[in-house]
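Colleague: Quick one, structure for this:
(one chain, ligands or ions: 3)
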Amino acid sequence: MAKYNLLNRLELPGGVKRLNPEQQKILCWEIRQKLLHTLSENGGHLASNLGVVELTVALHTVFDVPRDAIVWDVGHQCYAHKMLTGRLGAFSTIRREGGLSGFPRPGESGCDAFIAGHASTSISAACGLATAKALSGDRHHVVAVVGDGAFTGGMIYEALNNAGRTGNRLIVVLNDNDMSISKSVGSLARYLASKRTSEGYLNLKNRVEDALKKIPVVGRELRDVISDSKAAFRQLLYHSNLFEDFGFDYLGPVDGHDIPALVQALRRAKELEKPVVLHVNTVKGKGYAFAEKNPARYHGVGGFDRASGRLKVPSESFSSVFGRELVLRARRDHKICAITAAMEEGTGLSAFAAEFGPKNRFFDVGIAEEHAVTFACGLAAGGMKPVFAVYSTFLQRGFDQIIHDASIERQHIVLAVDRAGIVGEDGETHQGLFDAAFLSEIPGVTVYSPATYGDLRYALDQAFDCCDGVAAVRYPRGGEIPMDERLGYRPGEWFHHRSGGQTLIVSYGRAFGEAYGAMELLASEGKKADLLKLHRISPIPDACVQLAKKYRAIYFVEEGVRQGGIGEHFLDALSRVRYRGRMTIGAVENPFIPAMPADSAFRRCGLDAQTVARAISVLYF
Ligand SMILES: Cc1ncc(C[n+]2csc(CCOP(=O)(O)OP(=O)(O)O)c2C)c(N)n1
Ligand SMILES: CC(=O)[C@@H](O)[C@H](O)COP(=O)(O)O
Ligand SMILES: [Mg+2]
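Modeller: Residues are numbered from 1 along each chain as shown. Ligands and ions are numbered 1, 2, ... in the order given. As a prediction, this is how the structure comes out:
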């Protein structure tokens, strides 16, 4: 079979509708080949996308995008949608600099109805779109595609409550693959399992109503009584479910790999003229044995070998070192417990989960970062020593909880803030560029920013044993920066390297690598610059301010937003000691950095060694 024969010749939009079921099966095969080929090179979200190929084809068979809107939750599973909406030719550029985003981006295509990247936002957005359509008399449909993992996020229930009440037409497709990247088998997972296995709810209802219709004279009456009866009676008869109690009709479960069944159910959903949940069962990783067998491992891949399934994974990383350190610490201190928000593997907590999960000291709360922060505060108030391991970008969800539930009463919780700074190919929705700014604004929060694994160990010691209140340790995606032995670098509250210059380059975290590189470039031109690396970035150690005051010129390198950043705090502290010299801050002006390798992003922000050295040369020498 010619590869991509159907896919390449598909007229868009609407070509999918004109294929017969056999051709649609072939199209799905071709889409899977495209996914496997491209992602083996580019990396990306393999298992999630393999699992929704038939669902995506069915959606594009029944709906007319962009007039009908499809809102993807998280959006990491939108690759087939992108192929079917005019971006097949550019698909090989996905997650690459200047290429397609790995998530829906309305700025990239009008067929992407709403931005995504953070979980559990889709029904809120879809509710807004559906309300706008209702208000403007637009009779087209809005569909939200939500995974079982995303369904553990609180925003979903806020939206169901609102959408069910407004009553506008809205179709929520629950893509239940029972295997989000979290093994958190919470009550929702059990609930869905009960629905997943029950006879098709819709079928039961249809069968009862059909049977009633056949009863002469009273049958129709009885059916009308039941249909119009209060939920209580229907609940009695049909055992209505969570979704119906929110005011949604519930259809399914439907086999998510059976396109005709999906098309029939989606058409039924369209006819209902009200909010409806269609429960779809899919297999995460469908069509690629390695991913089907271990969907969590193949959730997000950095490239892989198709034949062997071997994944390209870094040998060591801040996440793995953090995970190991925490296990050692927890063996000594039985008060320590760890929390993840459905990111056990990504945050390096798998070993901790294996060893301390049975002791009930590991908690995967699902995609619920707001809850995780306050849950940690409750644990601390109860005498435990909780650490919440979370990606910087997802911690943004818990900002108010850090203020309200942690900071005011100075609850001692540890935040292990992973993926802090520039993250690379996930792009705008996943950069970790706000955490240093927003954490340093909250009273009583101590923030460490290690650049090496030694720094990390020191910071964890301080966070658990010395800090009171909130102690955050923020570290980048990937590994530590290589350190020149001659530098005499060592962990602590700060590190100062003198080369006799009157200019000081101040930095923290991974940016210290660029500051060091700039110092070397300047030295090669006979220009001397000293280095100050802050390990603790908030509160800034007074000794660092006193030390910096002696310099004629200071250049601050910050891998984070300028407004409210550590550079601004440093400048403010200098102004209080009446610093007479000049200080410049090199920081991230626009934090919405699209997909690109981290080092390209450093250059784009002017934080790389060459740019820093040039800026210092011009400014201060
Ligand atoms: C607020 C937030 N927290 C965490 C994540 C990380 N994350 C990405 S996908 C995912 C699991 C999603 O599971 P599900 O919705 O079932 O989608 P599937 O991958 O199974 O298709 C998580 C936790 C996120 N994107 N957003
Ligand atoms: C879609 C999502 O939010 C996660 O899968 C995220 O992309 C993981 O990022 P890492 O690859 O840095 O673990
Ligand atoms: Mg899932």
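
Colleague: isn't residue 7 right up against residue 83?
Modeller: Yes - if you go by C-beta atoms under 8 Å, residue 7 and residue 83 touch, sitting 6.8 Å apart. Quick note: C-beta positions are derived from backbone N, CA and C, even for glycine.

Colleague: So for those two, which residues contact both of them?
Modeller: Contact criterion C-beta atoms under 8 Å, 6 or more residues apart in numbering; residues shared by residue 7 and residue 83: 31, 34.

Colleague: Counting neighbours, go ahead and name the busier of those two.
Modeller: residue 83 (27 against 21; other C-beta atoms under 10 Å).

Colleague: Close to ligand 2: what parts of the protein are there?
Modeller: Counting by C-beta under 6 Å from any ligand atom, the chain comes close to ligand 2 at 45, 74, 76, 299-300, 346, 419, 423, 426, 430, 477.

Colleague: let's go with 8 Å and repeat that
Modeller: 45, 48, 74-76, 102-103, 117-119, 181, 299-300, 302, 343, 346, 391, 394, 419, 423-426, 429-430, 477 (C-beta under 8 Å from any ligand atom).

Colleague: which of those are buried?
Modeller: Neighbour counting by 16 or more other C-beta atoms under 10 Å classes 45, 48, 74-76, 102-103, 117-119, 181, 299-300, 343, 346, 391, 394, 419, 423-426, 429-430, 477 among the residues of the chain next to ligand 2 as buried.

Colleague: Quick one: classify residue 387 as helix, strand or coil.
Modeller: Following DSSP: H, G, I helix; E, B strand; the rest coil, residue 387 is assigned to strand.

Colleague: who touches whichever residue of the stretch 201-350 of the chain sits closest to ligand 3 in this structure?
Modeller: Closest residue of the stretch 201-350 of the chain to ligand 3, C-beta to the ion: residue 284 (6.0 Å). Residue 284 makes contact with 47-48, 50-51, 177-180, 291-292, 295, 299 under the criterion C-beta under 8 Å, 6+ apart.

Colleague: same question, residue 479
Modeller: Taking C-beta under 8 Å, 6+ apart as the test, what residue 479 contacts is 314, 316-318.

Colleague: By neighbour count, which of these wins?
Modeller: For the contacts of residue 479, neighbours tallied by other C-beta under 10 Å; top is residue 318, 28 neighbours.

Colleague: measure the residue of the stretch 201-350 of the chain closest to ligand 3 to ligand 2 for me?
Modeller: According to C-beta to the nearest ligand atom, to the nearest Å, residue 284 and ligand 2 sit 12 Å apart.

Colleague: Secondary structure of that residue: a strand, I assume?
Modeller: No - applying three-state DSSP, one finds residue 284 to be coil, outside a strand.

Colleague: now stretch 109-118, how far from the chain's geometric center?
Modeller: Offset of stretch 109-118 from its chain centre (C-alpha atoms, centre = their mean, to the nearest Å): 15 Å.

Colleague: now swap in stretch 14-30 and tell me
Modeller: 32 Å.

Colleague: got the buried residues for it?
Modeller: Quick answer for stretch 14-30 (16+ other C-beta under 10 Å): 16, 19, 24, 27-30.

Colleague: Could you list which of these belong to helices?
Modeller: 24, 27-30 (DSSP state H).

Colleague: Tell me the residues of this structure that contact ligand 3?
Modeller: 147-149, 177, 180 (C-beta under 5 Å from the ion).

Colleague: Kindly list the main-chain dihedrals of the residue lying farthest from the centre of the chain?
Modeller: Distance from the C-alpha centroid of the chain peaks at residue 217, with 57.1 Å (C-alpha atoms, centre = their mean). Main-chain torsions, residue 217, degrees, to the nearest 10: phi 60, psi -70.

Colleague: Test for you: state the pLDDT assigned to it.
Modeller: For residue 217, the pLDDT comes out at 74.

Colleague: Likewise for residue 238?
Modeller: Listed pLDDT for residue 238 reads 53.

Colleague: Same check on residue 282?
Modeller: Looking at residue 282, its pLDDT reads 96.

Colleague: now swap in residue 107 and tell me
Modeller: Confidence at residue 107, expressed as pLDDT, is 98.

Colleague: separation between it and residue 427?
Modeller: Counting by C-beta to C-beta, to the nearest Å, the separation of residue 107 from residue 427 is 12 Å.

Colleague: The two: which is more packed in?
Modeller: Shown here are residue 107 and residue 427; by other C-beta under 10 Å, residue 427 has more neighbours (20 against 10).

Colleague: List the contacts of the residue lying closest to residue 276 once chain neighbours are set aside.
Modeller: In this structure, residue 276 finds its nearest non-sequential neighbour in residue 249, 4.3 Å apart by C-beta to C-beta, 6 or more residues apart in numbering. Applying C-beta under 8 Å, 6+ apart to residue 249 gives the contacts 243, 272, 274-277.

Colleague: Any chance of a ChimeraX selection covering the buried ones in those?
Modeller: Here is the ChimeraX command that selects the buried residues among these (16+ other C-beta under 10 Å):
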select :243,275,276,277
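
Colleague: Return the subset of the contacts of residue 249 lying in strands.
Modeller: If you go by DSSP state E, those have 275-277 in strands.

Colleague: Residue of the stretch 151-300 of the chain closest to ligand 2, please.
Modeller: residue 300 (4.1 Å; C-beta to the nearest ligand atom).

Colleague: just the stretch 451-600 of the chain next, same as before
Modeller: For the stretch 451-600 of the chain, C-beta to the nearest ligand atom, closest residue to ligand 2: residue 477, 5.2 Å.

Colleague: Residues of the stretch 301-450 of the chain that sit close to ligand 1?
Modeller: So the stretch 301-450 of the chain meets ligand 1 at 341-343, 346, 367, 369, 391, 393-394, 397, 429-430 (C-beta under 8 Å from any ligand atom).

Colleague: So which of these are in helices?
Modeller: 369, 393-394.

Colleague: Just the buried residues of stretch 555-574, please?
Modeller: Buried positions in stretch 555-574, judged by neighbour count with 16+ other C-beta under 10 Å: 555-562, 565-571, 573-574.

Colleague: in this structure, which helix or strand is least confident?
Modeller: When each helix and strand of the chain is scored by mean pLDDT, DSSP states H and E, helix 231-238 comes last, with a mean of 52.

Colleague: how about the helices in the stretch 451-600 of the chain?
Modeller: 453-465, 511-524, 542-549, 566-576, 598-604 (DSSP state H, counting those that start in this stretch).
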